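any chance you could fold what I've pasted below:
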Amino acid sequence: MIAKIVLLFLVFIAVLGMFGKLRVPGKKQLDAKRCPKCGRFRIGKTCSCDTKG
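This next block holds a predicted model:
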């Protein structure tokens, strides 16, 4: 019984590892829309960290 639980746990962890290696579509575009200074998403052409004084 314990061996079955351990085996199912290992299979579950292996499946999670496979899904973790999948690439998220559009990740490059999302990273390009972040501000290089603060890391927040830009709305429009400028970031809110540029307008703070």
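
only C-alpha atoms from now on, for both contacts and neighbour counts.
Noted.

residues in contact with the lengthiest helix in the chain?
Of all segments of type helix in the chain, defined using DSSP state H, the longest is helix 2-20. Residues from elsewhere that reach helix 2-20 (C-alpha atoms under 8 Å, 6 or more residues apart in numbering): none.

could you point out which element follows that helix?
Read in the C-terminal direction, the helix or strand following helix 2-20 is helix 27-32, with elements assigned using DSSP states H and E.

for that next one, what does the pLDDT average out to?
Over the span of helix 27-32, the pLDDT mean works out to 71.

thinking again about what came up before, what residues sit buried inside the longest helix of the chain?
Judged by neighbour count (16 or more other C-alpha atoms under 10 Å), helix 2-20 contains no buried residues.

how far away from the center of its chain is it?
Computed by C-alpha atoms, centre = their mean, to the nearest Å, the separation of helix 2-20 from the middle of its chain amounts to 22 Å.

now do stretch 22-35
A distance of 9 Å separates the C-alpha centroid of stretch 22-35 from that of its chain, computed with C-alpha atoms, centre = their mean.

start and end of that stretch, how far apart?
Counting by C-alpha to C-alpha, to the nearest Å, the length from the leading to the trailing residue of stretch 22-35 is 25 Å.

residues making contact with that stretch?
Counting by C-alpha under 8 Å, 6+ apart, stretch 22-35 makes contact with R40, F41, R42, C47, all of which sit outside it.

tell me the spacing between the last one and K28.
Between C47 and K28 the distance, using C-alpha to C-alpha, works out to 19 Å.

who has more neighbours, those two?
Using other C-alpha atoms under 10 Å, the more surrounded residue of C47 and K28 is C47, with 19 against 9.

ok, the more buried one - contacts?
C35, R40, F41.

so how far is A32 from C38?
Using C-alpha to C-alpha, C38 is found at 13 Å from A32.

picking up where we left off before, out of the contacts of stretch 22-35, which is most surrounded?
Of all the contacts of stretch 22-35, C47 has the most neighbours under the rule other C-alpha under 10 Å, reaching 19 neighbours.

ok so, going back, mind putting the contacts of stretch 22-35 into TSV with distance to I2?
Putting the contacts of stretch 22-35 into TSV (distance: C-alpha to C-alpha, whole Å) gives the following:
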residue	distance to I2
R40	47
F41	48
R42	51
C47	55
